[in-house]
Each structure stands twice: as C-alpha cells, then as structure tokens.
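**Student:** Sequence plus predicted model, see below.
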Amino acid sequence: MMSNKRLLVVDDEPDFGEFVRQVAQLLDYEVMVATNSRAFQQGYIDFQPNLIILDMVMPDMDGNEVLLWLLRQGYDAGLIITTGYSPDYAQEAKTLAEFNGLKKVSTLTKPVRLAELRTALTRNGVLEADRRQTF
C-alpha cells in the first residue's frame, strides 16, 4: 500500500533532490526524485504524488511547461515551486498555477534553508489538510 504522503521532486541538481529526500523522509514522506522532465512525467504517472517540488529552470524543459503538463493531467494537490534565479520567476509560475485552480502552491528560492524546506513540506503536506477537517 502506498503512503498517503507521496512527494515527487523534479530538479536537475541531484544534490538538491537528495537534500529534499532526506528532509521529507524524516517527515514520513515517501519520496521519488527525478532529474529531468521525462523521468518526472513517468514518475508522476507511476507514483501518483500528492505533493510536488518543481524546479523552474531545467535544461530539457521549462518549469512552466512542466506545470502546464501537470494541469493537463488533472493534478490538483500541493505544489512547491523552486528557483535559484529571480524569485519573480517562481512567483509568476505560482500565479499561473493558482489561476488554473491549484489551491496549495508555495515558492522557495534557492539556496533553500533546512527550516524553510521543513515548513513548506509541513504546510503543504497531507497531514495539515487532514487536521483542518477533523473536528
């Protein structure tokens, strides 16, 4: 049985993916890391994540292209957008995601500090949503 906390990371920097994996696993996430868009797309189909960390700048595909692909797949869960470039780039992608109906979208600018990542994973995680619905 799959965990109800499945995180898919797409980032062309393997070190960043590994950093996220280690932090997320401590928060009880099952984690898959993809370093290119093709692996990400296949991973998305196989893994069925409920949280995605998306790097906006990758060699083989622009983050906005990945985002639009996700929306076409009907993805409607959590999204954390990361960039090592201008924070405006991540903010524009967040606006695009929210305009297209995604509710839980946040951004992180690299270098990402441990506390920032932990907060983003906790805030966007399944447990937080479940807690709000429990009376």
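**Tutor:** Received the coordinates, thanks.
**Student:** part of a helix, is Glu18?
**Tutor:** Yes - assigned with DSSP: H, G, I helix; E, B strand; the rest coil, Glu18 falls within a helix.
**Student:** How about the contacts made by the residue most central in space within the chain?
**Tutor:** With distances taken as C-alpha atoms, centre = their mean, the chain has Ile53 as the residue nearest its mean C-alpha position (1.9 Å). Residues near Ile53 by C-beta atoms under 8 Å, 6 or more residues apart in numbering: Leu7, Leu8, Val9, Val10, Asp11, Val20, Ile80, Thr82. (C-beta placed from N, C-alpha, C; glycine too.)
**Student:** Quick check on it: phi, psi?
**Tutor:** Note on Ile53: its backbone torsions stand at phi -110, psi 120 [degrees, to the nearest 10].
**Student:** From Phe16, how far out is it?
**Tutor:** 9 Å (C-beta to C-beta, to the nearest Å).
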